[in-house]
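**Q** Model the following, please.
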Amino acid sequence: MMSGPCTALVTAMISSHKVNLELAYILHSRPYRDTSLLVDIFSRTHGRIGAVAKGAKQAKSKFNGLLQPFGLLMLSWSGKGDLMTLTDAEQPQAALDINGSQLISGFYLNELLTRLLQRHDPHQILFDIYHETLCILVKDEHLEAVLRRFEFYLLQETGYGLVLDHDVETGEAIQTEACYCYYIERGPVKIDKTSDQQQGVLINGQTLLAIKDGSLVEALHLKQAKQLMRAVIAHQLGDKPLRSRELAMQKVL
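**A** Purely as a prediction, here's the structure:
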């Protein structure tokens, strides 16, 4: 059995990581030292990655102008541990023109991913949903329904999926005309005289099924879906509020 320096060398070799031209988005960036940036990356096959882009703030940097949110990139990095070194960046297509209310919504998506995703945990389906969501945001159509759809998939992919098809107490299928109390850690329970409605979110059966089917259209369904998603996400995030929601002027988040 190896020990000492030999073990350390083998461990370092195993933990070393090199990735070439991986599809990715920048979730967030901030200055690092005089000329560099710390970037939070959401990559398609490697999940969420933290990296330093050395010299990125210099005028002649190969990263200049590329490390911005909402632009699909092909990134390369190497290193080990929680902080990689970004080595290359290419932009296969023009960045999406997201502005106004779309911009706040985009930052909301990024903040959710940053807060709920663990580092180095791949979520290829979620990456594709995120990409699709950004493309739809540009059109500024059905914004609330689009955000609720993303929240649904985010919760599902991170292990907090919603129960939307049956009463968790009786096992009976959700009834469209019935009213339910959704308990955050359990699921929906049909309301009767003995239900403790103060501990959950009131929601009707039609809304639950519309969330499940991705067919949120009616104003009441959108309102109830937002209330449910807010409660579930707040439960997962804990006491620290979302900055994007505080900044939002619109009421879709």
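**Q** my read: residue 42 touches residue 124, true?
**A** No: contact criterion Cβ atoms under 8 Å: residue 42 and residue 124 do not qualify, at 11.1 Å. All C-beta atoms are positioned from the backbone trio N, CA, C, and that covers glycine.
**Q** Neighbour count for those two, which is higher?
**A** residue 42 (25 against 14; other Cβ atoms under 10 Å).
**Q** Just the element for the spatially most central residue of the chain, please.
**A** The centre of the chain sits closest to residue 113, judged by Cα atoms, centre = their mean, with a distance of 2.9 Å. Counting by DSSP states H and E, the element that carries residue 113 is helix 101-116.
**Q** Convert that helix to CSV, retaining C-alpha atoms only.
**A** Extracted as CSV, the C-alpha positions of helix 101-116 are listed here (Å, rounded to 0.1, in the frame of the first residue of the first chain):
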residue,chain,number,x,y,z
SER,A,101,-37.9,42.6,-17.9
GLN,A,102,-36.2,39.7,-19.9
LEU,A,103,-32.9,40.7,-18.3
ILE,A,104,-34.2,40.5,-14.7
SER,A,105,-35.8,37.1,-15.5
GLY,A,106,-32.5,35.9,-17.0
PHE,A,107,-30.6,36.9,-13.8
TYR,A,108,-33.3,35.1,-11.8
LEU,A,109,-32.6,31.9,-13.7
ASN,A,110,-28.9,32.3,-13.2
GLU,A,111,-29.3,33.0,-9.5
LEU,A,112,-31.5,29.9,-9.0
LEU,A,113,-28.9,27.7,-10.8
THR,A,114,-26.1,29.2,-8.6
ARG,A,115,-28.0,28.7,-5.4
LEU,A,116,-29.5,25.2,-6.1
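**Q** Give the other helices and strands that it contacts.
**A** strand 17-32, helix 124-139, helix 143-157, helix 219-237, helix 243-247 (3 or more Cβ pairs under 8 Å, 6 or more residues apart in numbering; DSSP states H and E).
**Q** try 6 Å
**A** strand 17-32, helix 243-247 (3 or more Cβ pairs under 6 Å, 6 or more residues apart in numbering; DSSP states H and E).
**Q** Now residue 168: closest residue in space, sequence neighbours ignored.
**A** Nearest residue to residue 168, sequence neighbours excluded (Cβ to Cβ, 6 or more residues apart in numbering): residue 187, at 3.8 Å.
**Q** meant to ask about residue 244
**A** residue 108 (4.1 Å).
**Q** Kindly report the same for residue 149.
**A** residue 214 (5.7 Å).
**Q** surely the residue nearest to residue 244 meets residue 247?
**A** No: at 9.0 Å, residue 108 does not count as touching residue 247 under the criterion of Cβ atoms under 6 Å.
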